[in-house]
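Colleague: any chance you can model this:
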Amino acid sequence: MFSKRYLLSWIYLGIAVVGGILPTLANIEFMNLYGPQFDIQKFIYLANINPAAQSLSRDLFIGASAVTIWIINEARKLKMSNMWIVFSSFLIAFAFATPLFLCLRERRLIEIENDSLN
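Modeller: A predicted model of the protein is given here:
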């Protein structure tokens, strides 16, 4: 049977792919404009260059911090394995790591439901 959880896990995976591609393209453009080495100080400066950029940067920082704490607690609660994959994917983008975690979480919930039925 094709469950809603299974479909949802694929939707999250699709969002993760887009969340990995779009920020990576922007980072490549940044490196093309400001040099091949990724200048993190310049990146942070530009991310805070005006009030709109500051708002987005601060919003992302606070939201990502809260979601990261939730991911750690949720992964422990569900006894999820291979979480290093999710945490290392934060190096790509928060927009990649979070939907990847949500995909893996749905798959884990499917496992738990199937185990309880057997």
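Colleague: roughly how far does the residue of the chain positioned farthest from its centre sit from Glu111?
Modeller: Note on the chain: the largest C-alpha distance from the chain mean falls to Asn118, namely 32.7 Å (CA atoms, centre = their mean). To Glu111, Asn118 is 11 Å away according to CB to CB, to the nearest Å. C-beta: built from backbone N, CA, C; applies to glycine.
Colleague: which residues touch the residue farthest from the centre of the chain?
Modeller: If a contact means CB atoms under 8 Å, 6 or more residues apart in numbering, then Asn118 has no contacts.
Colleague: kindly report the same for Pro99.
Modeller: So Pro99 contacts Tyr12, Leu13, Ile15, Ala16, Gly19 (CB under 8 Å, 6+ apart).
Colleague: got the confidence number for it?
Modeller: Note for Pro99: predicted pLDDT of 98.
Colleague: how much space between it and Ile21?
Modeller: 12 Å.
Colleague: tell me where the chain has strands.
Modeller: Using DSSP state E, the chain contains no strands.
Colleague: for it, which segments are assigned as helices?
Modeller: 4-34, 40-47, 51-77, 84-89, 94-117 (DSSP state H).
Colleague: highest mean neighbour count out of these?
Modeller: helix 94-117 (a mean of 17; mean count of other CB atoms under 10 Å).
Colleague: put the alpha carbons of that helix into CSV.
Modeller: Provided in CSV are the C-alpha atoms of helix 94-117 (Å, rounded to 0.1, in the frame of the first residue of the first chain):
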residue,chain,number,x,y,z
PHE,A,94,20.1,24.5,5.7
ALA,A,95,17.6,24.3,2.9
PHE,A,96,19.0,21.0,2.0
ALA,A,97,19.6,19.5,5.5
THR,A,98,16.2,20.2,7.0
PRO,A,99,14.0,18.6,4.3
LEU,A,100,16.5,15.7,4.1
PHE,A,101,16.0,15.1,7.8
LEU,A,102,12.3,15.3,7.3
CYS,A,103,12.5,12.7,4.6
LEU,A,104,14.5,10.4,6.8
ARG,A,105,12.2,11.1,9.7
GLU,A,106,9.1,10.0,7.7
ARG,A,107,11.0,6.9,6.6
ARG,A,108,11.8,6.1,10.3
LEU,A,109,8.2,6.6,11.3
ILE,A,110,7.2,4.2,8.5
GLU,A,111,9.6,1.6,10.0
ILE,A,112,8.2,2.1,13.5
GLU,A,113,4.6,1.7,12.3
ASN,A,114,5.6,-1.4,10.3
ASP,A,115,7.4,-2.9,13.3
SER,A,116,4.3,-2.3,15.6
LEU,A,117,2.1,-4.1,13.1
